[in-house]
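Colleague: Fold the following, please.
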Amino acid sequence: MNKTILVVDDDSMIRLVICDALQENGFNTIELESGAQVMKTLKDNDIALLIMDIMMEEKEGVETLLEVRNDYPDLPVLMVSSDTMYLDLTRQLGSTALIPKPIDQNYIVDLVKQYTDN
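Modeller: Purely as a prediction, here's the structure:
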């Protein structure tokens, strides 16, 4: 059974780049453009891993990360940002791994495989 990865970013091109790379490697993906629907999506779906941008307009990744860690402490969460200061902050708040922008598709696929035992 293919594992499902939740990809959350307010930039549709970033979502496309990440989702295309994951789908080409046999993963299913669900896309969201803000953190606002993450908790409902996690509740309603069997998500193996979450990839989320830190800076989003409607609901930021840091706030969402704290909620996810509270309800899903074992879910791998990969945080994405072009600002290394924010990446370091999310590491302290419980992100599993950090993904710097610009996006390296091979790096993301390798991380997802590592954290989903694929």
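Colleague: hey, let's count contacts and neighbours off CA atoms from now on
Modeller: Will do.
Colleague: Break down this protein into its helices, ranges please.
Modeller: Using DSSP state H, the helices of the chain run over 12-24, 38-44, 61-71, 84-92, 105-116.
Colleague: What is the burial count for residue 91?
Modeller: 15 (other C-alpha atoms under 10 Å).
Colleague: Tell me how far it lies from residue 78.
Modeller: 9 Å (C-alpha to C-alpha, to the nearest Å).
Colleague: Which neighbours do the two have in common?
Modeller: Each of 97, 98 lies in contact with both residue 91 and residue 78 under the rule C-alpha atoms under 8 Å, 6 or more residues apart in numbering.
Colleague: Would you agree residue 29 is in contact with residue 18?
Modeller: No: applying C-alpha atoms under 8 Å, one finds residue 29 not in contact with residue 18, separated by 9.3 Å.
Colleague: Could you name every residue contacting both of these two?
Modeller: With C-alpha under 8 Å, 6+ apart as the test, residue 29 and residue 18 both reach residue 7.
Colleague: who has more neighbours, these two?
Modeller: Set side by side, residue 29 and residue 18 show more neighbours around residue 18, with 23 against 20, by other C-alpha under 10 Å.
Colleague: Disregarding residues adjacent in the polypeptide, which is nearest to that one?
Modeller: Leaving aside its sequence neighbours, residue 18 sits nearest to residue 105 (C-alpha to C-alpha, 6 or more residues apart in numbering; 6.5 Å).
Colleague: hey, which helix or strand in this protein has the poorest pLDDT?
Modeller: helix 84-92 (a mean of 77; mean pLDDT, DSSP states H and E).
Colleague: Now find how far off-centre that helix is within its chain.
Modeller: Helix 84-92 has its average C-alpha position 14 Å from the chain's average C-alpha position, going by C-alpha atoms, centre = their mean, to the nearest Å.
Colleague: Can you tell me what sits against it?
Modeller: Under C-alpha under 8 Å, 6+ apart, the answer for helix 84-92 is 54, 62, 65, 79, 80, 81, 97, 98, 99, 100.
Colleague: Sweet, I'm off.
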